[in-house]
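Asker: Next input, structure requested:
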Amino acid sequence: KLAAQGFELPEESKTGEGEIFDFAGDLFRVYREQSRLLESHLCPIDQRIQNFLDDALKSTGESIQLPKKTICMDRYGLARELSLPQTGSEFHNSEISSYRLSNGVLHNPLSDKRTTKKTFHVAEYGLPIPGDKVAVPLVTFARLL
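Answerer: Predicted coordinates:
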């Protein structure tokens with residue numbers, strides 16, 4: 001799936017399946033060319049999100065563009081497989097520890113806050129902001145994106 005979408009694959013993923021890549025190489029090239037021709041087009045939901053961002057941020061002078069190249073997660077379990085290294089069932093960095101479990105993947109942030117009181121910031125756009133949240137200007141939202 002990743003190869004068909006034009007993403008570079010790690011060498012260890014190609015071992016044992018070399019015949020498949022050789023056999024499907026032409027199919028992958030056609031798919032990549034079709035993707036290249038359509039890369040300036042967004043899928044319908046992404047276009048709606050882009051339209052919302054354009055409308056919401058027009059008064060700020062900021063412009064945000066959604067990524068054009070995305071991975072389509074059209075099969076059950078695909079996101080779970082891609083969320084951990086191919087050769088392991090754990091991942092650790094300075095922000096998070098992730099573990100493969102029988103029923104999914106556990107992502108455990110190192111600083112886990114049990115409340116959002118006065119730490120949850122909401123952009124001033126549209127609906128009223130609850131008192132336990134911090135209101136921020138819309139331009140702040142734009143610059144965080």
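Asker: Check whether residue 64 sits in a helix, strand or coil.
Answerer: coil (DSSP: H, G, I helix; E, B strand; the rest coil).
Asker: Kindly report the same for residue 84.
Answerer: Relying on three-state DSSP, one would call residue 84 coil.
Asker: next one: the one 10 residues further on
Answerer: Under the three-state scheme (three-state DSSP), the conformation of residue 94 reads as coil.
Asker: Can you tell me how far it is from residue 110?
Answerer: Distance of residue 94 to residue 110, given as C-beta to C-beta, to the nearest Å: 7 Å. Bear in mind the C-beta positions are built from the backbone N, C-alpha and C, glycine included.
Asker: CA atoms only for stretch 80-97 - export them in PDB, please.
Answerer: What follows is stretch 80-97 as a C-alpha-only set of coordinates in PDB (Å, rounded to 0.1, in the frame of the first residue of the first chain):
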ATOM      1  CA  ARG A  80      -2.300   0.400  14.200                       C
ATOM      2  CA  GLU A  81       0.400  -1.300  12.200                       C
ATOM      3  CA  LEU A  82       1.900   2.000  11.100                       C
ATOM      4  CA  SER A  83       1.900   3.500  14.600                       C
ATOM      5  CA  LEU A  84       4.800   1.300  15.900                       C
ATOM      6  CA  PRO A  85       8.100   0.300  14.400                       C
ATOM      7  CA  GLN A  86       7.900  -2.600  12.000                       C
ATOM      8  CA  THR A  87      10.400  -4.700  14.000                       C
ATOM      9  CA  GLY A  88       9.100  -4.100  17.500                       C
ATOM     10  CA  SER A  89       6.100  -3.800  19.700                       C
ATOM     11  CA  GLU A  90       7.200  -0.800  21.700                       C
ATOM     12  CA  PHE A  91       8.200   2.800  20.900                       C
ATOM     13  CA  HIS A  92       9.600   5.400  23.300                       C
ATOM     14  CA  ASN A  93      10.700   9.000  23.000                       C
ATOM     15  CA  SER A  94      10.800  12.100  25.200                       C
ATOM     16  CA  GLU A  95       7.000  12.700  24.800                       C
ATOM     17  CA  ILE A  96       5.300   9.300  24.700                       C
ATOM     18  CA  SER A  97       5.700   5.500  25.300                       C
END
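Asker: Alright, calling it a day.
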